[in-house]
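Got a predicted structure here, sequence first:
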Amino acid sequence: MPFPASKNSTSTGPLYVQNDGPDREKSLICHAQGSAGRFRFEETLRYARTYETICGLESLGKIRAADAGRLKDVCAAVPVQNETQGWNCQDWVHDAFVVLVDGGILCLLTGSMAIRSGRRWKV
């Protein structure tokens with residue numbers, strides 16, 4: 001899971017799910033891409049370390065192999081809230097986290113940034 005950081009002035013805060021198999025370059029990246037009032041959901045298969053606007057990763061949890069097929073559909077259903085003033089891609093990641101954790105798809109790792117920050121990703 002990348003944290004929102006950037007090598008340039010445009011930061012991105014995607015949800016990155018690393019494929020630990022031999023096809024690491026086919027890891028799933030889901031995010032709200034765009035600008036204020038014009039965000040849209042996007043997904044791509046790519047290795048995060050080759051993504052230009054990500055300069056750090058934080059491992060936050062694990063996804064069971066049985067749930068991997070549902071992940072993309074669940075993320076695609078997380079609303080993009082362009083009508084909400086100040087809403088951005090980091091808000092989308094938070095909303096996706098809530099759905100994934102509460103749905104039992106994402107199991108947070110003990111000691112992960114999400115737990116260390118005192119947030120339990122509850123609405």
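Here it is on my side, so go on.

What count of nearby residues applies to the closest residue in space to Trp87 that isn't next to it in sequence?
Once flanking residues are discounted, Trp87 sits nearest to Gln81: 4.6 Å by Cβ to Cβ, 6 or more residues apart in numbering. Any C-beta I mention is one placed from the backbone N, CA and C, and that applies to glycine too. Gln81: 15 surrounding residues under other Cβ atoms under 10 Å.

Distance check, Gln81 against Ile105.
21 Å (Cβ to Cβ, to the nearest Å).

ok, now Asp73?
11 Å.

now swap in Ile29 and tell me
Counting by Cβ to Cβ, the gap from Ile29 to Ile105 is 17 Å.

Neighbour count: these two, which is higher?
Comparing Ile29 with Ile105 by neighbour count (other Cβ under 10 Å), the higher total belongs to Ile29, at 21 against 18.

list the contacts for the more buried one?
Residues near Ile29 by Cβ atoms under 8 Å, 6 or more residues apart in numbering: 14-17, 43-46, 48, 51.

Secondary structure class of the closest residue to Phe41 other than its chain neighbours, three-state.
Of all residues not flanking Phe41 in the chain, Val80 sits nearest, at 5.5 Å (Cβ to Cβ, 6+ apart). Classification of Val80 using DSSP: H, G, I helix; E, B strand; the rest coil returns coil.
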